[in-house]
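> model the structure of this input:
(one chain, ligands or ions: 1)
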Amino acid sequence: MTTPFQADTQAIALTPDGPTIPALGVGTWAWGDAFFWSYGKDYTEADLLAAFQASLAAGVNFFDTAEVYGFGESERLLGRFLQQVEQPVAIATKYFPLPWRWSPKAVAETLTASLDRLQLDAVDLYQVHWPLDFFMGQKDLINALANQVKQGRVKAVGVSNYSAQQMATAHGYLAERGIPLAVNQVQYSLLHRNIETNGVLDRARELDVNILAYSPLAQGLLTGKYSASDTQKPEGARKLNPRFSQSGLTKIELVLQTLQAIAETHDKTPAQVALNWLICVGGVVPIPGAKNARQASQNAGALGWSMSATEHEQLARVTQAWR
Ligand SMILES: NC(=O)c1ccc[n+]([C@@H]2O[C@H](COP(=O)([O-])OP(=O)(O)OC[C@H]3O[C@@H](n4cnc5c(N)ncnc54)[C@H](OP(=O)(O)O)[C@@H]3O)[C@@H](O)[C@H]2O)c1
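Below you'll find the model as predicted:
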């Protein structure tokens with residue numbers, strides 16, 4: 001399949017009767033996480049509050065978190081930030097199917113703990129973090145989520161890291177309860193295009209499931225600030241990732257040059273172009289991580305314009321090897 005192109009997508013309905021979100025959100029894995037990222041070293045709570053406020057000021061009012069991010073700290077930070085604003089904010093969080101969570105009661109209890117940290121009565125989107133089956137099967141898990149929708153504590157249900165088949169199965173279980181599957185959150189960027197070839201993107205379209213694209217900037221590589229000709233190295237665990245090594249950076253030179261050229265045409269940055277490319281696929285909501293106000297406002301600038309179909313195709317061509 002060639003990559004679909006759809007200009008002018010600015011908002012997405014999570015479900016036909018559910019919340020509407022902008023076609024771009026903010027990922028908050030790095031918020032409070034000192035293990036993979038370097039929270040407390042090169043950015044602090046004050047930077048994250050500024051990122052939160054800058055996103056809202058730019059109209060980006062959708063935030064993705066998870067109970068496991070920073071061992072609950074990401075949800076706690078968001079909870080505190082939410083207390084400081086009046087405007088509506090859509091929150092997505094995730095349930096992790098740990099082996100000892102064998103009874104559907106665990107879903108209710110885990111959601112209660114997330115809602116407490118977030119200081120909310122309901123979340124807009126509750127996602128299963130990974131398709132792991134230990135002692136609770138998928139049907140029981142999905143039914144437990146559906147019960148939370150019926151109780152009004154969850155507005156829409158999603159899954160994450162599900163294959164095309166796993167997504168279709170979850171969709172079927174939810175349909176039995178009259179509930180749509182809102183999203184499948186998967187890794188998708190110009191440097192990670194597998195969902196175009198493994199059936200996930202096609203099947204999501206058939207089933208009317210939105211894609212939340214995680215790591216949409218390839219953890220910073222697509223911003224252009226890490227390059228073979230530069231000495232800047234990333235903080236945290238990315239130092240060990242071969243993609244950030246000299247040879248890894250050399251392999252993406254043409255991609256970065258192409259992003260830069262398109263960025264100059266539109267008076268944008270490479271990060272904004274990389275995110276706009278995903279938005280223009282249609283039905284795809286990138287959720288870039290932002291550690292400060294500058295990154296948050298820049299990423300929000302991926303909304304409100306569209307590259308041309310020719311530019312979209314050009315970027316698809318130079319990233320063909322990452323499909
Ligand atoms: N469901 C899952 O299993 C799963 C897995 C991974 C991620 N996620 C979600 O997806 C979100 C985003 O993914 P991600 O954080 O892995 O990767 P990403 O969004 O591709 O990259 C984020 C990193 O890129 C850098 N950056 C962001 N905007 C920038 C800008 N405008 N200019 C320069 N640098 C910029 C920042 O790091 P530096 O400044 O340090 O370079 C930032 O932490 C996560 O926060 C999380 O919500 C979900």
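
> contacts only, for D64.
G25, V26, G27, T28, A92, T93, Q185, L212, Y214, I287 (CB atoms under 8 Å, 6 or more residues apart in numbering). Every residue, glycine included, has its C-beta placed from N, CA and C.

> buried sites along stretch 44-58?
Residues D47, L48, A50, A51, F52, Q53, A54, S55, L56, A58 are the ones in stretch 44-58 that count as buried (16 or more other CB atoms under 10 Å).

> one more: stretch 151-161?
R153, V154, K155, A156, V157, G158, V159, S160, N161.

> quickly find the element holding G248.
Using DSSP states H and E, G248 sits within helix 246-251.

> buried set for that helix?
Buried, per 16+ other CB under 10 Å, within helix 246-251: L249.

> report all helices and strands that the next helix or strand after that helix contacts.
Next helix or strand after helix 246-251 toward the C-terminus (DSSP H and E): helix 253-266. In this structure, helix 253-266 packs against helix 270-279, helix 309-318, with contacts taken as 3 or more CB pairs under 8 Å, 6 or more residues apart in numbering; DSSP states H and E.

> okay, the angle between helix 253-266 and helix 270-279?
When axes from the mean of the first three to the mean of the last three CA atoms, to 10 degrees is applied, the directions of helix 253-266 and helix 270-279 differ by 90 degrees.

> quick one on the thing from earlier: other residues contacting the helix holding G248?
With CB under 8 Å, 6+ apart, helix 246-251 has contacts from L221, Y226, S227, A228, N241, P242, R243.

> phi, psi of the closest residue to the ligand within the chain?
Nearest to the ligand in the chain, going by CB to the nearest ligand atom, is G27, at a distance of 2.2 Å. When read as degrees, to the nearest 10, the backbone of G27 gives phi -90, psi 140.

> quick check: beta-bridge partners of it?
D64, G289 (DSSP bridges).

> my guess is it meets K291, correct?
No: G27 is not in contact with K291 according to CB atoms under 8 Å; the separation is 10.7 Å.

> of the two, who's got more company?
G27 (26 against 22; other CB atoms under 10 Å).
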